[in-house]
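> Next input, structure requested:
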Amino acid sequence: MPKNHFKTIFNISLRNRINTVITIICIAIWMIQVSCITPSRKKILTRSRPDVQKQVPPKKLLEPSVPDQTTEPKARSMPYRVDATTYYPLTSAEGYKEEGIASWYGPQFHGKKTSNRETYNMEGMTAAHKTLPFNTLVKVTNLENGLEAIVRINDRGPFVDNRIIDLSRRAARELKIIQQGTVRVQITALNNSEPEDNPGATVNENQVFSVQVAVSQNPENANRVKNQVENSWIKIYLRGIESYRVLTGNYKNFENTIELRDKVRQNGFPDAFVVVVSSAEIENNNIPAKVSREFVGETLR
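Numbers count the residues shown, from 1 in each chain. Next comes the predicted model:
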């Protein structure tokens, strides 16, 4: 065999050995790097586990929800009229239970004032009812799926068909009625609302019904409206910011006062509403039992 042939074979064998050694060294370096990285990954996984374990489990659907509380002033439930029907709010919710249709209201009313002068929050646990006292806590049971929620009454309604309660969106979500819109429910008062100082349909011997025409923090504006409304007077309120309220009317009967209120609204004062005042105020301002119902249609600014 030629000498050059042996030399070629030797060179190839040497290159293969060198390549093998380089490969072994690279593998060794890679294994060292992996052994250094692996513990840190294990540590990261170990630290993350307690966080997963600390997550709060989802709330059971059958647990009643705690209603939101309000710090706004409590409003007294006066009788009121909607679509020619007069509603007389109850003075107590004790023992109240009712079955009927529940509905819910949301975005179109969010941020607006409720009947008890709160700001409606569709994510609060509240509801509207025609006659239950404000701040009554009510347990609402969905009769189709058994789910329950506790809501606080802070609004009036619903005034549609045979519906008995109008729920906030959050309450409707907890009862699983968002999609269908209405459902048959049972409502039970929890007997923890304070009895209201509710005048009902009549007043005592020292009180009368009147209509508040307008209110302003500017006495000149209040006087301007007073001059437009015959047999009216101004009552000054000093709670917080001083305000001047223009009142008219002297009635013992609520229905008669409602008629006067409607007339005032039609003649330029759409926010007029019924109030109870003392007989002494009426006497001090010489307001007769029958008042003129002719008004100038100019609103208070």
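> Tell me the confidence at the nearest residue to Asn206 once chain neighbours are set aside?
Closest residue in space to Asn206, ignoring its immediate chain neighbours: Ser279 at 5.3 Å, by CB to CB, 6 or more residues apart in numbering. In short, each C-beta sits where N, CA and C put it, glycine included. Ser279 is assigned a predicted lDDT (pLDDT) of 79.
> from memory Ser279 sits against Tyr251, does it?
No - under the criterion of CB atoms under 8 Å, Ser279 makes no contact with Tyr251, lying 11.5 Å away.
> Neighbour count: those two, which is higher?
Neighbour tally, Ser279 and Tyr251, criterion other CB atoms under 10 Å: the higher count belongs to Tyr251, 21 against 15.
> Enumerate every residue touching the residue nearest to Asn206.
Ser279 sits next to 205-208 when contact means CB atoms under 8 Å, 6 or more residues apart in numbering.
> Common neighbours of Ser279 and Tyr251, please.
Val208.
> Now do the same contact list for the nearest residue to Met78 once chain neighbours are set aside.
With sequence-adjacent residues excluded and distances taken as CB to CB, 6+ apart, Met78 is closest to Val274, at 5.9 Å. Val274 makes contact with 78-80, 209-212, 254, 257-258, 261, according to CB under 8 Å, 6+ apart.
> Now do the buried residues in stretch 87-102.
88-90, 92-93, 96, 101-102 (16 or more other CB atoms under 10 Å).
> Please narrow those to those residing in helices.
Taking DSSP state H, every one of the buried residues of stretch 87-102 sits outside helices.
> Arg163 and Ala128, how far apart?
Distance from Arg163 to Ala128, counting by CB to CB, to the nearest Å: 10 Å.
> of the two, who's got more company?
Taking neighbours as other CB under 10 Å, Arg163 and Ala128 compare with Ala128 leading, 25 against 17.
> May I have the phi/psi pair for Met122?
The phi and psi values for Met122, taken as degrees, to the nearest 10, are phi -70, psi -10.
> still on that earlier bit, tell me if the residue nearest to Met78 really is in a helix.
No - looking at Val274 with DSSP: H, G, I helix; E, B strand; the rest coil, it is strand, so not inside a helix.
> Mind jotting down where the strands sit in the stretch 101-250 of the chain?
126-128, 137-142, 148-155, 163-167, 183-189, 207-216, 232-237, 243-251 (DSSP state E, counting those that start in this stretch).
> How about the contacts made by Ile282?
Applying CB under 8 Å, 6+ apart, the residues near Ile282 are 208, 210, 250.
> Assign it to helix, strand or coil.
Once three-state DSSP is applied, Ile282 turns out helix.
> ok, it to Asn121 distance?
Distance from Ile282 to Asn121, by CB to CB: 39 Å.
> Arg224: which of the contacts of Ser279 is nearest?
Nearest to Arg224 out of the contacts of Ser279 is Val208 (CB to CB; 25.1 Å).
> Was I right to think the closest one contacts Asn253?
No - the pair Val208 / Asn253 is not scored as a contact, 9.7 Å apart, by CB under 8 Å.
> Could you export stretch 144-160 as CSV, CA atoms only?
Provided in CSV are the C-alpha atoms of stretch 144-160 (Å, rounded to 0.1, in the frame of the first residue of the first chain):
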residue,chain,number,x,y,z
GLU,A,144,-86.9,28.7,39.2
ASN,A,145,-83.4,27.9,40.4
GLY,A,146,-83.5,28.4,44.2
LEU,A,147,-80.8,31.1,44.2
GLU,A,148,-81.1,33.9,46.8
ALA,A,149,-79.8,37.4,47.2
ILE,A,150,-80.4,40.1,49.8
VAL,A,151,-81.1,43.6,48.6
ARG,A,152,-81.9,47.0,50.2
ILE,A,153,-85.0,49.0,49.1
ASN,A,154,-83.9,52.5,47.9
ASP,A,155,-86.2,53.2,45.0
ARG,A,156,-89.9,53.0,43.9
GLY,A,157,-91.3,50.7,41.2
PRO,A,158,-91.7,48.8,39.0
PHE,A,159,-94.8,50.2,37.5
VAL,A,160,-95.1,47.6,34.7
